[in-house]
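**Q** only the shape, not the letters, is given here:
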RNA sequence: UCCCCAGUAGCUCAGUCGGCAGAGCAGGUGGCUGUUAACCACCGUGUCCGUGGUUCGAGUCCGCGCUGGGGAGCCA
């Protein structure tokens, strides 16, 4: 007999005669002539309540079942006379697979997120983290569903890259050289002797390669791990994270913003429908205002605000900021959060930033001072998407590279895309962990990724 | 990298003015009960993060370090 997932049993409309349940004991309560065993198998948030009668041959052992122990239970399904659950299982046979000793670190009561982070190998066994990682899985699927249904092509851009000028932060170097004793040429490390014959790094973005495929396949997206060696110590940054980067040919900044807004709305709505039970845990215990926030995202049109107007609003606000706001200054977290949380109370897309604060590949606007860039700012998280229309005009692109100190010869292949059938195109990057934070109300990025990598921390 | 806060039992925390280390939960034993963060009684638990100092005496005050958290920058 095959095991039945608890999710399937509990969601059943009609009684299932016989079931084989395999899972882990969450808690046990003894009565006079029987014992209630709560079993969870990870397939859903809820446990199934098993009634183990004292007539069972191994009842003495059953009474020693501890939290965390693994069991296999064969029994019959019945409507539960008690409150709190529709179905329960009356055990015919309880096989104890493994008893967890009493130093099992997870207690039945609440633990802090900080403690659970020190036992990341066990935290998926808790309600909260089980729910978070089920949602993470469903949202991964939703990303593919969204783009595949629109006819986008999924592209696997490289993880190891030879270009160090992708323009987004510090890089992790990849090498097969012996770091204790590297080969030298003219007193310097000789990268000709390294694995690829030149310096290599982990990718900080698949965008540049993504553009090449958009200019061949039309609409593409990437979804994969991304690495930044920044010494960032915040609740919103990790050294290894997952990013979604769509890139669309024949697409201007307005279309780009339309996609970004529609995409976020789709994902939030998907989670609300598809992960209702898990989401309910977060609405109850993590963020009481979560459902309001999510409803607002789905129902309200995002505010679209040129950077210059954002600066004007901030200056008019009378709010005291730590950083001054003026045209040409990058908007700080405090400014973005003020706009999304205090001023508009909803997601805001800020666009047309001064070119002086943006990278070389963004398209220069007709005013010659701004570029066709956009950031999507959401309450509580801040920036969740950053994107732009790309500079498709070869001469403009080359002069921007010269201005910003990016060597043309290193990106000859990128420039080729503007040499042969160049077209207007746009794209953006969405931080997947930040999306999960938005959807669940979890406030630390370390708690939405199974085994977080941050400066000084790579356990598990 | 910078600023601020914290570190006491397996977990969550209290610890007054510098004077013998203490609760809840978890665990054990017994009881009660179609229970559901079950309940009641009893029992055990310590490198007070490390290190140096001040003091008759330091969990408590001071210096340094480590770890964790919050905020900022970098960004997704």
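**A** Right, received. Where do you want to start? Since this is a predicted model, take the numbers as computed values, not measurements.
**Q** got the contact list for the closest residue to residue A:200 other than its chain neighbours?
**A** The shortest distance from residue A:200 to any non-neighbouring residue, by C-beta to C-beta, 6 or more residues apart in numbering, is to residue A:174 (4.6 Å). C-beta coordinates here come from the backbone N, C-alpha and C atoms, glycine included. Applying C-beta atoms under 8 Å, 6 or more residues apart in numbering, we find residue A:174 in contact with A:160, A:195, A:200-202.
**Q** relative to RNA strand B, which of those is nearest.
**A** Set against RNA strand B, the nearest of the contacts of residue A:174 by C-beta to the nearest atom of the strand is residue A:202 (12.4 Å).
**Q** per-residue pLDDT, the closest one?
**A** Note on residue A:202: pLDDT of 93.
**Q** bridging residues for it?
**A** According to DSSP bridges, the residues that bridge with residue A:202 are residue A:160.
**Q** that one: neighbour count?
**A** 19 (other C-beta atoms under 10 Å).
**Q** now swap in residue A:22 and tell me
**A** Neighbours of residue A:22 using other C-beta under 10 Å come to 18.
**Q** so what's it bridging to?
**A** residue A:72.
**Q** so it touches residue A:71, yeah?
**A** Yes - contact criterion C-beta atoms under 8 Å: residue A:22 and residue A:71 qualify, at 7.3 Å.
**Q** so what sits against both of the two?
**A** Listed as contacting both residue A:22 and residue A:71 by C-beta under 8 Å, 6+ apart are residue A:97.
**Q** thinking again about what came up before, redo the contacts of residue A:174 as a markdown table? Include distance to residue A:424.
**A** Converted to a markdown table, these look like this (distance: C-beta to C-beta, whole Å):
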| residue | distance to residue A:424 |
| --- | --- |
| A:160 | 30 |
| A:195 | 38 |
| A:200 | 32 |
| A:201 | 30 |
| A:202 | 30 |
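**Q** most neighbours among these, which one?
**A** Most neighbours among these, by other C-beta under 10 Å: residue A:200, with 21 neighbours.
**Q** residues in contact with it?
**A** With the criterion set at C-beta under 8 Å, 6+ apart, residue A:200 makes contact with A:160-162, A:173-175, A:194.
**Q** what's the answer for residue A:17, then?
**A** Going by C-beta under 8 Å, 6+ apart, residue A:17 touches A:76-77.
**Q** buried sites along whatever helix or strand residue A:29 lives in?
**A** Assigned by DSSP states H and E, residue A:29 belongs to strand A:18-30. For strand A:18-30, a neighbour-count test (16 or more other C-beta atoms under 10 Å) marks A:19, A:21-26, A:28 as buried.
**Q** ok, now stretch A:33-44?
**A** Buried residues in stretch A:33-44, defined by neighbour count with 16+ other C-beta under 10 Å: A:34-35, A:37-41, A:43-44.
**Q** please apply the same query to stretch A:108-126.
**A** A:116-117, A:120, A:123-126.
**Q** same question, stretch A:138-157
**A** Buried residues in stretch A:138-157 (16+ other C-beta under 10 Å): A:138-139, A:142-143, A:146-147, A:152, A:155, A:157.
**Q** and the helices in the stretch 101-250 of chain A?
**A** Ranges of helices within the stretch 101-250 of chain A are A:113-118, A:127-149, A:207-217, based on DSSP state H, counting those that start in this stretch.
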